[in-house]
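Sequence plus predicted model, see below.
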Amino acid sequence: VQLQASGGGSVHPGGSLRLSCAVSGGYKAIGWFREGPGRQREQLSCIDTRDGAIYYAGSVKGRFTISRDKAKNTVYLQMNNLKPEDTAEYHCATDEGCDTDYGFIEGMNYWGKGTLVTVSS
C-alpha cells in the first residue's frame, strides 16, 4: 500500500484546509495522524471501510471531517476553524480496522510522506 498526502499550506486561525490522501492498494481502515517538533504523534481520525465506523480525536471533533471517495481511492480531511495548535505535519495511514471510540485498532500498518499545515496569524 502506498499513500501520498497533499493539500497542506499556511492559513490564519479560523481558516480551513482540505487534505487529500491518494492511495494505491487495498485497505480495511484509513485515517490521519499528525506529528511535529515538540509534539507527540497524534491520531486524528479514521474510517473503517467495512462498517463505516468513524473515529475523531477529541482535539478535532466538530472541526475536522473525514471522507472517502471510493472511485478515486482518495481520502480527505476537511479541517475547519483551524487553530495554531493544529500546526503539524499531517500523514494518512492504513490499519486493520477503525473503532469509533479508540481509533486505529492495531496502530497503523502503512503511512506515507506527510503534508505540512501551518496555522498562524
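That came in fine, so what should we check first? Numbers count the residues shown, from 1 in each chain.

Leu17 touches Thr87, doesn't it?
No: with contacts defined as C-beta atoms under 8 Å, Leu17 does not count as touching Thr87, sitting 11.5 Å away. Just so you know, the C-beta spots here come from the backbone N, C-alpha and C atoms, and that holds for glycine as well.

For Gly9, give its distance to Thr87.
11 Å (C-beta to C-beta, to the nearest Å).

Neighbour count for those two, which is higher?
Ranked by neighbour count (other C-beta atoms under 10 Å), Gly9 and Thr87 place Thr87 first, with 18 against 13.

which residues touch that one?
Listed by C-beta atoms under 8 Å, 6 or more residues apart in numbering, the contact set of Thr87 reads Gly36, Val117, Thr118, Val119, Ser120.

likewise Phe33?
Arg41, Glu42, Gln43, Leu44, Tyr90, His91, Ala93, Met108, Trp111.

For the residue nearest the centre of the chain, pull up the helix or strand it's in.
By C-alpha atoms, centre = their mean, the chain has its centre lying nearest to Trp32, at 2.2 Å. For Trp32, the host element (DSSP states H and E) is strand 29-36.

Can you list which of the contacts of Phe33 are found in strands?
Among the contacts of Phe33, the members found in strands (DSSP state E) are Arg41, Glu42, Gln43, Leu44, Tyr90, His91, Ala93, Trp111.

and the residues you listed, which are buried?
Burial by neighbour count, 16 or more other C-beta atoms under 10 Å: within the ones in strands among the contacts of Phe33 this picks out Gln43, Leu44, Tyr90, His91, Ala93, Trp111.

And the second one, how close does it get to Phe33?
Noted for Leu44: a distance of 6 Å to Phe33, by C-beta to C-beta.

any residues in contact with both of those two?
Tyr90.

Kindly export whichever strand or helix holds Ile47 (C-alpha atoms) in CSV.
Secondary structure from DSSP H and E places Ile47 in strand 39-48. This file holds the C-alpha atoms of strand 39-48, laid out as CSV (Å, rounded to 0.1, in the frame of the first residue of the first chain):
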residue,chain,number,x,y,z
ARG,A,39,4.7,17.1,19.9
GLN,A,40,3.8,13.5,20.1
ARG,A,41,2.3,11.7,17.2
GLU,A,42,-1.5,12.2,17.5
GLN,A,43,-4.1,10.1,15.8
LEU,A,44,-6.8,12.4,14.5
SER,A,45,-9.4,10.4,12.6
CYS,A,46,-10.1,7.2,10.8
ILE,A,47,-12.8,5.4,8.9
ASP,A,48,-13.4,1.6,8.6
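
Before I go, just wanted to say thanks for your time.
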